[in-house]
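In: The following comprises the amino acid sequence and a computationally predicted model.
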Amino acid sequence: MKIFKNISLQGFSVPFSTPEGIKYVFIAPKNSFETPDSWSSKVAVTLVTRRMFKITSIADPAPVPVTDSFKAPAPKRIKSTPKENR
C-alpha cells in the first residue's frame, strides 16, 4: 500500500495508472490518499522531487496460514527405571 500526502498549500489532480485504466484523484492541501501498490503516477514522483508530495510505502502483512486440524503435541512421558547395581 502507498500513501500519497500533499504537503503543499495547493491542491493537485493527480493521474494514476491502474490495472483498470487511468484514474484522476484530487488531493487537497495537507491531505493524503491511500493506493494499492499496483497504482503508479509519474506526476506524483515529479511532485516529490519538487518537495510538494511525500510517498510512503507500507508493506502489507503476510497472510497467516489457518489450519483447522491443529493438534497439540502429546505430553512427554518419562519412564523411570530402577537403577541396576553393578
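Out: Okay, I see it.
In: C-alpha only now, for contacts and for neighbours.
Out: Fine.
In: Which of the three states applies to Thr46?
Out: Here Thr46 is recorded as helix under DSSP: H, G, I helix; E, B strand; the rest coil.
In: what pLDDT does it get?
Out: If you check Thr46, the pLDDT there is 94.
In: Tell me where the model's unsure across the protein.
Out: Within the chain, the stretches with pLDDT under 70 are 64-72, 80-86.
In: for it, what spans make up the helices?
Out: 42-49 (DSSP state H).
In: now the strands: where do they sit in it?
Out: Counting by DSSP state E, the chain has strands at residues 2-6, 12-18, 21-27, 32-35, 53-57.
In: Could you dump those strands into TSV and include mean neighbour count and distance to Leu47?
Out: Listed next are these as TSV, based on neighbours: other CA atoms under 10 Å; distance: least, CA to CA, whole Å:
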stretch	mean neighbour count	distance to Leu47
strand 2-6	20	9
strand 12-18	16	10
strand 21-27	12	12
strand 32-35	14	14
strand 53-57	15	5
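In: Distance to Val45 added to these, as CSV?
Out: Converted to CSV, the strands of the chain look like this (distance: least, CA to CA, whole Å):
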stretch, distance to Val45
strand 2-6, 10
strand 12-18, 10
strand 21-27, 14
strand 32-35, 14
strand 53-57, 8
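In: Thr46: which of the ones you listed is closest?
Out: strand 53-57 (8.7 Å; CA to CA).
In: and that closest one, what does it pack onto?
Out: strand 2-6, helix 42-49 (3 or more CA pairs under 8 Å, 6 or more residues apart in numbering; DSSP states H and E).
In: of these, which approaches Lys30 most closely?
Out: strand 2-6 (5.2 Å).
In: neighbouring contacts of that closest one?
Out: 27-37, 44, 52-58 (CA atoms under 8 Å, 6 or more residues apart in numbering).
In: Same question for stretch 46-60.
Out: Met1, Lys2, Ile3, Phe4, Lys5, Asn6, Ile7, Ser8, Ala44.
In: what's the distance between the third one and Pro73?
Out: When distances are taken as CA to CA, to the nearest Å, Ile3 and Pro73 turn out to be 44 Å apart.
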